[in-house]
Structures are given as C-alpha cells and as structure tokens.
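Asker: From the sequence below, what's the structure:
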Amino acid sequence: MKHLSSTIVTSFMATLAILFTADTAVAGGDIVVAAQETTAVVTPREPHLELVNLPALEFGLRAAFKCTGEPVSVTLSVADTHETLRGKDLTNRRAVEVTLKVPPGQLALAASSRFCVADAPETDDELLVPGLATAHASLRCASDEGDSVFFASVPLRVRLVCERPPDGNQPSPDASEDR
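Answerer: All right, here's what the predicted structure looks like:
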C-alpha cells in the first residue's frame, strides 16, 4: 500500500511540476486532481446475485490549481457527492485536500463471477476495480478580463475486500497458535 501511495504522490508531483513551471503557458488558470485508492470491505453475495452491494466509500482527493487573478471556488465531486471550497478557503493556497464520503447506492458495480460468492470459498477475496467512478474538479477564477472555469477529472480505483464469516469447521488462526 505504501508503494501505491508513493506512486500516486510521485505522479501528482510530476503533474504539478508541469502545471506550475514558469515556461508553461496557462491561459487564465488550470486545475489538476489526484485520488488515493480506496478500500471497501464487502460481505459475500449469494450465487444468484450479479451485483456487489457497496458500503459508503471514502475518497481522498487533492486538487492543485493556478489562477490568473483570484480563485473564486474549487468544487470536487464523485457521483452526486460534492464539496465546494470558496474564496476565503483558497486564499494564499495552491492546493486543497478533501475526503468525500459517497453513500451506498450512488455507485453500482457489476462484479466478477469469481469474486466474493457465498458458499464458494474458491472465489477471489480481493478485487481491484480501476475506474469504478470518476472524480471531477472545477476551478472558477476571477480577473480583470472576467471569470473563467477550468475542469479536470481522474478515474478512481477501488479495492474490494471480501470479509467471509469464520467457518465453524476450520480452526481459527488463534487456535493453531496454541499447538
């Protein structure tokens, strides 16, 4: 997990370097958004069900922005969940971080037939779903020339982990340590 986080940070920092280099021509402003991988624990689904019911998911988002003039607002959203930061929250800042908690039902997933099926321990207990949803960012800038709006997006990666109930026929991991 540390390797993945460092990869996200490295990619984000490289993008920032390009965005904020003095040689980069930015007409009025720009925004870049990055997201951390999210993990969700789910319970096994019945064999006849094709969809996994997702719990509420938390997405850590970071947006870096640059305006010619003053930033008026930055809005970050996933599905129908959003947060808007206004001018006073953006003063003397070039980046913001938010965590959006997306309620169950806003995101749907058609699961693999090999993932987390009840009474089928041979099915996979972990599934990485790249692009499960998309995070969107918008930046509104105000200058003497007028207002401008800029957009960015990033696909979200969700790791689903199947939490199976303990099997009564198998010894628990603690019991094997007592031997």
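
Asker: which residue is nearest the centroid of this protein?
Answerer: Phe59 (3.9 Å; CA atoms, centre = their mean).

Asker: residue contacts, that one?
Answerer: Neighbour list for Phe59: 35-36, 38, 78, 99-100, 102, 135, 156 [criterion: CB atoms under 8 Å, 6 or more residues apart in numbering]. Any C-beta I mention is one placed from the backbone N, CA and C, and that applies to glycine too.

Asker: go on, Leu90?
Answerer: 65, 71, 73-74, 96.

Asker: Among these, which one is most surrounded by other residues?
Answerer: Among the contacts of Leu90, the one with the most neighbours (other CB atoms under 10 Å) is Val74, at 27 neighbours.

Asker: residues in contact with it?
Answerer: 31, 63, 65, 84-85, 90, 96, 137-140.

Asker: What of Ala40?
Answerer: Neighbour list for Ala40: 54-55, 57, 158-161 [criterion: CB under 8 Å, 6+ apart].

Asker: Bridged to it, which residues?
Answerer: Beta-bridge partners recorded for Ala40 (DSSP bridges): Leu160.

Asker: Please report the distance of it from Glu70.
Answerer: 38 Å (CB to CB, to the nearest Å).

Asker: Repeat that for Glu37.
Answerer: Glu37 is 33 Å from Glu70, by CB to CB.

Asker: Could you check which of those two is surrounded by more residues?
Answerer: Per other CB under 10 Å, whichever of Glu37 and Glu70 has more neighbours is Glu37, with 17 against 12.

Asker: thought that one was touching Val158?
Answerer: Yes. The pair Glu37 and Val158 qualifies as a contact (CB atoms under 8 Å) at a distance of 7.3 Å.

Asker: residues shared between the contacts of those two?
Answerer: In contact with both Glu37 and Val158: no residue, using CB under 8 Å, 6+ apart.
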